[in-house]
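Visitor: Here is a sequence with its predicted model. Questions after.
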Amino acid sequence: MSEQVGVQSSSLTERFPEIILPDSRTGYSGFLVKPENLVVVAQALRDEMGYDYLSSVTGVDYLPENKMEVVYHFYRTIGGGALVLKTQVDRENPVVPSLTPLFPGAEFQEREAWDLLGIRFANHPDLRRILTWEGFHGHPLRKDWKEPFFEEEAKPFKSRWPEGHVYRAEDKNPFHDNLQYPAGFDPEQWSPETDELLYAGLKRVDKSDDLLTEQVVVNLGPQHPSTHGVFRMVVVLDGETVVDLKPIMGYLHRNHEKIGERNTFLQNMPFTDRLDYVCSMSNNFGYALAVEKLMGIQPPERAEYIRVMMAELTRFLNHIFSIGFLLNDLGAFFTPMLYALEERELILDVFEAVSGSRMMCNYFRFGGVARDIPVEVMEKIRKLVFDRLPRKLDEMDYFITNNEIVRGRCEGVGVLTAERAIALSASGPVLRASGVAYDVRRADPYSIYDRFEFDIPVRYNGDIYDRYLLRLEEMRQSLRILRQVLKDIPDGPILSGKPQYQVRVPAGESYGRVEGPKGELGFYVVSNGKPNPWRYHVRAPTFINLTSLAEMCRGQKIADVVTILGSIDIVLGEVDR
Amino acid sequence: MITGSGILRGLWTTFRHFIKTYLEDLRSGKKRYFTTEGIELRRSPDVEGIFTIQYPEEKLPVPEEFRYIPFLVYDEGDNGEKEIRCTSCGICAKVCPPQCIWIVRTNDPVTGKPIPQPKEFYIDVDICMNCGFCAEFCPFDAIKMDHDYEIASYDRFKEHIFDLERLSKPASYYAQIRPTNFMREEAARAEKEAQKAAARKPAS
């Protein structure tokens, strides 16, 4: 990989000799570019060098240097390592040109950076707050912003030991003072006027016929049984046809990243479980990779195998769960889903026995895993992988795949073309069902995935049905990997070094990404050598996949919107963070 | 393919599931429900037919590693007094991700020096996220994760901050819920003691 980086740097610095500078800070990589040259460079990256996939956009607040930095991770969809581009602006009035016109997938991520860090993106088509509410005061990820329950900059708090006289946070802050409002703000008098602007900003069609029909704005959610959580879609309808759609999220927002910056590195591990609470093992995996990269440690062999095993079991349970839910969205009320849940329960039993918890596993540690797998659990995994799961998968295939209703409602609905999927930074099954064979396990192998034999399934129609078939096939491939893992898993230690509760992480940045069941899950971590991360960012796959929701829904019927949303397979714990 | 056959397949699968439950009932007789054996059968990978465990009449056995709210282990002395293992070193409070552990260290009233024993120990169970770090990193095996998950109460303001009294549980209870962990830790401790004794001998 280092060779590849060398080639990139020479060609990029040759192409833009004056403009591009390698990032020379210790522990950092990539290139620095001035904001005024950003668009030119990004365009050249996309059109001349094949970096067509803008994976992650995020900001970092470097308070001591009085700088705001925006970090871009570009990839090639044919595979390979990252090209990291950074641009620095003044902290007082940070303005960066938006990359949304070039890479539409940056839209939500730039809105997030504006919302949480206050970086303004010039030329962004719709720069509104996205995760916090419209009346929110300040930008919470700025280092000088303090939450209402603020106690100290970093954990562990001094009030807990040795003089830990217990009090409840709410006793200290009576409930009515727990929120921060702008001066002179009265919540009773406030009305969300931005909603009117939002409705006005939606597209309408020009009607050429003589019928006097009105186009109606409908709010689907936040409390709607089929939005998979508290999620809202504002839809403009012409009759039953969707003209335009805008997703609105953040109802479950808890500022995971700010919590992460207060935590120590290890304390973040159980918090990652709560992102995508269906696949906590994958979340652990991504975070562990990012921090291990910074620390420069490698887990022992057995731990690598256990990690892959857990990640693939997670992929299986997520996909079977999401297929069950898709059927629910289609109106097959709960029967297929409960069949799916049976298999999920059996896998969760395994997780519970190894990690202690069914869903909030908290199983990975830096340099290995928390515990070894007991012999009887290993036996159970064998039984599941070699007998039960393939059998049940075939049953599912048998009774769903050729069902007339499923085919009738899913084929040709919610189409996303390959070009648009790449441009919109879709990842995971959504991207692969659109005909792009891009899987991080192959494109940029991590852990020990390069040792296993498996295929990357691809489908070419980009509709709901293909996403369903693709998930089915991915489960088969997961079982294939699991069979190899179970055959080859060696004995040995499961953790490199001693268990430590306070790890030493050298200063620098790292981006660890895994192919989570829902897409590319990335963790961008910046350390300044202290026990707490300076910046902790999650590239949430379902959040970014939602960028393509409007594209898929335009021109479809309102009843299909629910199914299209189900086929993206979102989890609001991760979308809202 | 004939139109309608896909739907028939789905109905057939459901019907088979339904029938299998009764077949299983006939085959295993009364022992399928409300017995430990039946519960084990219904959660094994070989299960066919109905899958449900009828909580609270039936309860799933939890695995040894299962973790819920922590407790403090005490050894029973010769006269039955509680010898709490905690030395109030504060590692659990420092590692706790949501910072729900509060410890007051005991100070010697005469010299003012700290005594390795907690004066007060609180866990706010509303905040505890059951991650298990405290148990994992405790160097004295003094704090462990519990198996008792039925702790709902009517008044959270009165009952949800557990104090030293409420948190203390005997080592015999710990040995009962986590036998293999207990055995391993006891063995390690015995070995350490033996080493210490061996190291002390030549000096004396």
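Guide: That came through, no problem.
Visitor: What segments of the stretch 201-350 of chain A are strands?
Guide: Counting by DSSP state E, counting those that start in this stretch, the stretch 201-350 of chain A has these strands, from start to end: A:216-220, A:232-238, A:241-248.
Visitor: Now the longest one: buried residues?
Guide: In this case it means strand A:241-248. Residues of strand A:241-248 classed as buried: A:V242, A:V243, A:D244, A:L245, A:K246, A:P247, A:I248 (neighbour count, 16 or more other C-beta atoms under 10 Å in any protein chain shown). C-beta here means a position set from N, CA and C on the backbone, and glycine is covered the same way.
Visitor: Need the pLDDT of the residue of chain A most remote from its centre.
Guide: Farthest-out residue of chain A from its mean C-alpha position, per C-alpha atoms, centre = their mean: A:D210, at 46.1 Å. On the pLDDT scale, A:D210 is placed at 70.
Visitor: what's the answer for the one 10 residues further on, then?
Guide: Note for A:L220: predicted pLDDT of 86.
Visitor: Next up, the contacts around it.
Guide: A:L220 is in contact with A:T227, A:R232, A:M233, A:V234, A:V235, A:V561, A:V562, counting by C-beta atoms under 8 Å, 6 or more residues apart in numbering or on different chains.
Visitor: can we see that at 7 Å?
Guide: Contact partners of A:L220, counting by C-beta atoms under 7 Å, 6 or more residues apart in numbering or on different chains, are A:T227, A:R232, A:M233, A:V235, A:V561.
Visitor: quick check, nearest of those to chain B?
Guide: Nearest to chain B among the contacts of A:L220 is A:V561, at 24.2 Å by C-beta to the nearest C-beta.
Visitor: Spatially nearest residue to the closest one, not counting backbone neighbours?
Guide: Of all residues not flanking A:V561 in the chain, A:C553 sits nearest, at 5.2 Å (C-beta to C-beta, 6 or more residues apart in numbering or on different chains).
Visitor: tally of neighbours for the closest residue to B:R105 other than its chain neighbours?
Guide: Among residues not flanking B:R105 along the chain, A:P162 sits closest, at 3.8 Å (C-beta to C-beta, 6+ apart). The number of residues packed near A:P162 is 17, by other C-beta atoms under 10 Å in any protein chain shown.
Visitor: What score does A:P162 have for pLDDT?
Guide: Looking at A:P162, the pLDDT reads 83.
Visitor: for it, phi and psi?
Guide: phi -90, psi 0 (degrees, to the nearest 10).
Visitor: Which elements pack onto the lowest-mean-pLDDT helix or strand in chain B?
Guide: Least confident helix or strand, chain B: helix B:156-159 with a mean of 81, by mean pLDDT, DSSP states H and E. Here helix B:156-159 touches no other helix or strand, going by 3 or more C-beta pairs under 7 Å, 6 or more residues apart in numbering or on different chains; DSSP states H and E.
Visitor: what's it in contact with?
Guide: B:D126, B:S153.
Visitor: just stretch B:83-97 next, same as before
Guide: A:156, A:160-162, A:164, A:263, A:267, A:270-271, A:501, B:72-75, B:77, B:101, B:103, B:105-106, B:116-118, B:121, B:129, B:131, B:133-134, B:137-143, B:168.
Visitor: Check those residues for burial and list the buried ones.
Guide: Looks like these have A:156, A:160-162, A:164, A:263, A:267, A:270-271, A:501, B:72-74, B:101, B:103, B:105-106, B:118, B:121, B:129, B:131, B:133-134, B:137-138, B:141-143, B:168 buried, using 16+ other C-beta under 10 Å.
Visitor: Counting only helices, which of these make the cut?
Guide: Judged by DSSP state H, the subset of the buried ones among the contacts of stretch B:83-97 located in helices is A:P270, A:F271, B:F133, B:C134, B:F137.
Visitor: For stretch A:78-86, list every residue counted as buried.
Guide: Buried residues in stretch A:78-86, defined by neighbour count with 16+ other C-beta under 10 Å: A:G80, A:A82, A:L83, A:V84, A:L85, A:K86.
Visitor: residue contacts, the second one?
Guide: Counting by C-beta under 7 Å, 6+ apart, A:A82 makes contact with A:H73, A:F74, A:Y75, A:Y511.
Visitor: let's go with 6 Å and repeat that
Guide: A:H73, A:Y75 (C-beta atoms under 6 Å, 6 or more residues apart in numbering or on different chains).
Visitor: likewise the fourth one?
Guide: Contacts for A:V84 (C-beta under 6 Å, 6+ apart) come out as A:G30, A:H73.
Visitor: let's go with 10 Å and repeat that
Guide: Applying C-beta atoms under 10 Å, 6 or more residues apart in numbering or on different chains to A:V84 gives the contacts A:5, A:23, A:28-32, A:56, A:71-74, A:509, A:511, A:524.
Visitor: between those residues, which is closest to chain B?
Guide: The closest of the contacts of A:V84, once distances to chain B are taken by C-beta to the nearest C-beta, is A:Y524, at 20.2 Å.
Visitor: Settle this for me: the closest one is touching A:A540, isn't it.
Guide: No. Taking contacts as C-beta atoms under 10 Å, A:Y524 lies outside contact range of A:A540: 11.6 Å.
Visitor: residues shared between the contacts of the two?
Guide: A:S56.
Visitor: out of those two, which sits in the busier spot?
Guide: Higher neighbour count among A:Y524 and A:A540: A:A540, with 30 against 23, using other C-beta under 10 Å.
Visitor: Run through the residues of the stretch 151-300 of chain A sitting next to chain B.
Guide: The stretch 151-300 of chain A comes close to chain B at residues A:151-152, A:155-157, A:159-171, A:259, A:262-264, A:266-271, A:273-274, as judged by C-beta under 10 Å from any C-beta of the partner chain.
Visitor: which of those residues are buried?
Guide: Using 16+ other C-beta under 10 Å, the buried ones in those are A:151, A:155-157, A:160-162, A:164, A:166, A:259, A:262-264, A:266-271, A:273-274.
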